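**Student:** After the sequence you'll find the predicted model.
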Amino acid sequence: MSTYFKDGQYTKQSEMKISVDDRGYYFGDGVYEVIKVYNSELFTAREHLERLVQSANKIKISLPYTVDQFIDIANELIASNQITVGHIYIQVTRGAAPRAHQFPGTEVMPVVVAYAVSNPRPVQAITNGVALKSVEDVRWLRCDIKSLNLLGNVLAKQEAHEADCVEALLHRNGTVTEGSSSNMFGVKNGVIYTHPATNLILNGITRQVVLKLCKEQGIEVVEESFSLEESMDMDEFFFTSTTAEITPVTSIDGKLISKGEPGLVTLKLQEAFTLEIPLILAGK
């Protein structure tokens, strides 16, 4: 049975208890992170946890643990649950208090939950590519905060799912922002285009790794918005996330991209990313 972490204690999943007064339950009042595990080691953990700190600060939650303490918690969960390849989920809510929109007093402490999940790399998707469905981006204007308020993302993902697509390509009035749980990249004439890291997208950790790889590989990147129409005309298209890694896009709304197969720039970045994994795990 899986071992979970809650507020300083490691416990079995069946013994976990969350109050119905938890503000995460009432309001989605909290933040979270997902950290990939390869070879039983955390991948880009510090970057994820520093973003957790930033997200918490933006909604005025004081985290009860430091980044190093969160890393220790995650490593204990990896060992206890014997995770080889998978991910760590960490969630922090403002705490449990009688329902009221304003923040509770300082006597109410944040609730921290974390657990580990085994799941393999998405080999089929990253090898063969997937289809996207365009969906109007109706989310709030603080997408830079990795908050628990994900209803807009859920509805977009479901719309894509019902269209037999793996991911939703979100756009605001025709301007591409990101995916329902990913960052989007188009390739035209060897140049990569992606939305800048503003309040309209989450600056994904895998996104940041890919930008670093582009610099190392001498691939030009333009961080500016592009239209849904322009996305259909890209030579290649791919998206990134912690669990999706670098996933090629073979079609958008039924229109083939890159002849319906992964493009050369995408394949080059995938190879570089795979080589990056052991280097990051080794601390280089």
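**Tutor:** The structure has been received and is ready for your questions. Numbering: from 1, shown residues only.

**Student:** Run the chain-centre distance for the helix ranked longest in the chain.
**Tutor:** The helix that spans the most residues within the chain, counting by DSSP state H, is helix 264-281. On the basis of C-alpha atoms, centre = their mean, to the nearest Å, helix 264-281 sits 18 Å off its chain's mean C-alpha point.

**Student:** so what does that helix touch, helix or strand wise?
**Tutor:** In terms of contact count using 3 or more C-beta pairs under 8 Å, 6 or more residues apart in numbering; DSSP states H and E, helix 264-281 is assigned the packing partners helix 205-217, strand 236-241, strand 245-252. Every C-beta, even on glycine, is put in place using the N, C-alpha and C of the backbone.

**Student:** what about the helices in the stretch 1-150 of the chain?
**Tutor:** Ranges of helices in the stretch 1-150 of the chain, per DSSP state H, counting those that start in this stretch, are 23-27, 45-58, 67-80, 123-128.

**Student:** got CSV for those helices, with mean neighbour count too?
**Tutor:** Supplementary listing: those in CSV, determined by neighbours: other C-beta atoms under 10 Å:
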stretch, mean neighbour count
helix 23-27, 19
helix 45-58, 18
helix 67-80, 17
helix 123-128, 13
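
**Student:** Which among the ones you listed is found nearest to Asn149?
**Tutor:** The closest approach between Asn149 and any of these, judged by C-beta to C-beta, belongs to helix 23-27 at 8.2 Å.

**Student:** Packing partners of that closest one?
**Tutor:** Using 3+ C-beta pairs under 8 Å, 6+ apart as the contact criterion, the neighbours of helix 23-27 among helices and strands are strand 86-93.

**Student:** Distance from the chain centre to the strand it packs on, please.
**Tutor:** Centroid separation between strand 86-93 and its chain, computed with C-alpha atoms, centre = their mean, is 11 Å.

**Student:** what's the answer for stretch 106-119, then?
**Tutor:** When distances are taken as C-alpha atoms, centre = their mean, stretch 106-119 is centred 17 Å away from the chain's centroid.

**Student:** Convert the C-alpha atoms of it to PDB, please.
**Tutor:** Listed next in PDB are the C-alpha coordinates belonging to stretch 106-119 (Å, rounded to 0.1, in the frame of the first residue of the first chain):
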ATOM      1  CA  THR A 106      -2.500  33.100  11.300                       C
ATOM      2  CA  GLU A 107      -3.500  30.200  13.700                       C
ATOM      3  CA  VAL A 108      -4.600  28.200  10.700                       C
ATOM      4  CA  MET A 109      -1.600  26.400   9.200                       C
ATOM      5  CA  PRO A 110      -1.200  25.300   5.600                       C
ATOM      6  CA  VAL A 111      -1.900  21.700   4.800                       C
ATOM      7  CA  VAL A 112       0.900  19.900   2.900                       C
ATOM      8  CA  VAL A 113       0.300  16.600   1.100                       C
ATOM      9  CA  ALA A 114       2.700  14.700  -1.100                       C
ATOM     10  CA  TYR A 115       2.800  11.300  -2.700                       C
ATOM     11  CA  ALA A 116       4.700   9.200  -5.300                       C
ATOM     12  CA  VAL A 117       3.400   7.500  -8.400                       C
ATOM     13  CA  SER A 118       5.000   5.000 -10.700                       C
ATOM     14  CA  ASN A 119       4.400   5.700 -14.400                       C
END
